[in-house]
Structure formats: structure tokens, C-alpha cells
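**Student:** one predicted model, sequence on top.
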Amino acid sequence: MYSYVKRNIFAVIQPAEHGNLASRLFDLFIMLLIFASISSVFVMTFDIPSWLYPLLSNFERWTIIVFSAEYLLRIWTADLLYPELSPLRSRIKYVFSWMAIIDLISILPFYLPYYLSFNLVSIRAVRLVRLLRIFKLNRYTHAMTAICSVFRNKLQEILVSMFMVFIMLTIGSLLIYYAEHDAQPDKFSNAFSGVWWAVATLTTVGYGDIYPVTPMGRFLGGLIALTGLAIVAVPTGIISAGFVELLEKKRAEEAEEKEPPRYCPHCGKKL
């Protein structure tokens, strides 16, 4: 009986598979709860009626109970998720997994004030960690899973391109400092003062709060802005290509499911 209940709970809390209605309803319930919880964080930033605060606080307590129960159930059934490991090692592996850490951080701010002394400002700041609950959607949506898969597959290329962006930011901030320091010592007081300008220029955003006034500084600004059009676009292109590859792979898999490939009976090659 114990094993039967445990297997059924494990099947429900895991991402829904075809034909498992209970698991689909559970996923939908958790997703709606996540959206409602995130929405309450935004609502509490408005000037709302005083009677609404207790309702939102009670709703937060209720969501914490649900998320805490979900977290404990996932730890309890971790040995079914990692059947090749012992019960203790499987639970340890799950506790230190990315999604388990997100689950823990999203509920931890609620319990901390009961055990540690915080002032009101600190409590409010820590509770903003609740926004991390949105990452829990990665467990229930194919879109978030696809995004994570693309970043994981293209991680090396993205890191290389971001390293090039970092080099350009460093060079740009140093050059603009030497070009503008004498003319604007209050805005370009040191090399780090040019980092914000370099970020705004390299990404072609250009907020206008800090800008070069010398001929050399303006020349560097134009050069860095044109360079940014090419360099900053590289990570975007890599990620876009990753999504295209993922979509093509899924379409190919769906096509094979509808019409299984045929193989040559003599050589075994795909026809």
C-alpha cells in the first residue's frame, strides 16, 4: 500500500504525460498558483485598500503551504526519480538540483522571520525572492524547457560571444575615460565611470545621461556604436539559430511518429 501510494503521488507531481489527467490538472493548478502569487507581489506595490492586505497575506500563507508540501513530496519520491541511486543519495542529489534549489528559495523567505531577527525593510527585501517562483514554470511548460535547452546546447558559443562583448566594454570604457576625463572630470572621474556609457553605446541604447563632448570622444562613440551593431547581435543570432534547430528537430520527430522511417532490408540504411 505504501509503495502504491508513493508511485501514484510521484506520477502526479512529475510533468504530465499523455493520458495522465491527474498530473495535467496538478500542473495546471501549480502554474495558476505561481501566476497568482507573482501577481500578488505586483498588486501589493499599489495603493490598495487596507482590507486587501490581510487577504493577500492569507493567500501568501496558503501558497506557501502548497509549495512546501510539493517540495517535501518531491524529496520523498526522489528515489523513484533516480532509481539507480540509494534512497539517501537520490534525495541528496535532488535537493542540490537546480529546480529543487529554486523551490527552496521561493518558500524560504516566509520561514526566515520566525527564526531570525529582521527589521521590516529587510523582510520586504527578502520576500522579493518570491519572484523566483516564476522559474518553477520550467518544470511545467514546454516553452521554458525549450529555452533552457537552447541555452544549454549553445552555452559555449554564447560564452565566447559574451566574452567578446566584455572585451569591447573594457576597451571602450578605458578609451572614453582618457578622451573625456579632462573635459568632463565629474562624469568620467575614473575608468569605471565609462562602463555605463560603454554599455549604453555598445548596445546602441544611448540614454543620453552621459555622453562625449570632445571630438575624439565622439569619434570613439560612433566607432563603438557601429561595432556594437555587429558584436551584440552575435548572441542573438546564436540563440535564434538554436531555436530553429530545436524546432526542426521536433518537427522531424513528429514526422517520424506519424510515418515511421523505412529501412533497406539488405543494408539497413534509411530509405
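**Tutor:** It's in. Numbering: from 1, shown residues only.
**Student:** where in the stretch 101-250 of the chain is pLDDT low?
**Tutor:** Counting by pLDDT under 70, the ranges of the stretch 101-250 of the chain that qualify are 113-145.
**Student:** ok, which stretches of it are helices?
**Tutor:** With DSSP state H, counting those that start in this stretch, the ranges of helices along the stretch 101-250 of the chain come out as 120-127, 142-153, 155-180, 193-202, 215-231, 233-258.
**Student:** and these: which comes nearest Phe59?
**Tutor:** helix 120-127 (13.5 Å; Cβ to Cβ). Where you see a C-beta, it was placed from the backbone N, CA and C, and this is true even at glycine.
**Student:** if we can go back for a sec, using CSV, lay out the helices of the stretch 101-250 of the chain together with mean neighbour count.
**Tutor:** Below are the helices of the stretch 101-250 of the chain laid out as CSV (neighbours: other Cβ atoms under 10 Å):
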stretch, mean neighbour count
helix 120-127, 12
helix 142-153, 14
helix 155-180, 17
helix 193-202, 21
helix 215-231, 16
helix 233-258, 12
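**Student:** would you turn the ones you listed into TSV with distance to Val95?
**Tutor:** Below are these laid out as TSV (distance: least, Cβ to Cβ, whole Å):
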stretch	distance to Val95
helix 120-127	21
helix 142-153	20
helix 155-180	24
helix 193-202	37
helix 215-231	40
helix 233-258	30
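**Student:** what about stretch 179-195, distance to the chain center?
**Tutor:** The chain centre lies 35 Å from the centre of stretch 179-195; the measure is Cα atoms, centre = their mean, to the nearest Å.
**Student:** ignore what I typed, I meant stretch 164-175.
**Tutor:** Distance, stretch centre to chain centre, for stretch 164-175: 26 Å (Cα atoms, centre = their mean).
**Student:** tell me the domain boundaries of this structure?
**Tutor:** 2-140, 141-271 (automatic domain parsing).
**Student:** any idea which of the helices of the stretch 101-250 of the chain gets closest to Trp98?
**Tutor:** By Cβ to Cβ (comparing all of the helices of the stretch 101-250 of the chain), the closest turns out to be helix 142-153, at 9.1 Å.
**Student:** which one of the helices of the stretch 101-250 of the chain lies closest to Glu60?
**Tutor:** Using Cβ to Cβ, the nearest of the helices of the stretch 101-250 of the chain to Glu60 is helix 120-127, at 8.6 Å.
**Student:** so which of the helices of the stretch 101-250 of the chain gets nearest Trp76?
**Tutor:** Smallest distance to Trp76 across those (Cβ to Cβ): 23.9 Å, for helix 142-153.
**Student:** next, count neighbours for Tyr4.
**Tutor:** The local packing of Tyr4 (other Cβ atoms under 10 Å) involves 8 other residues.
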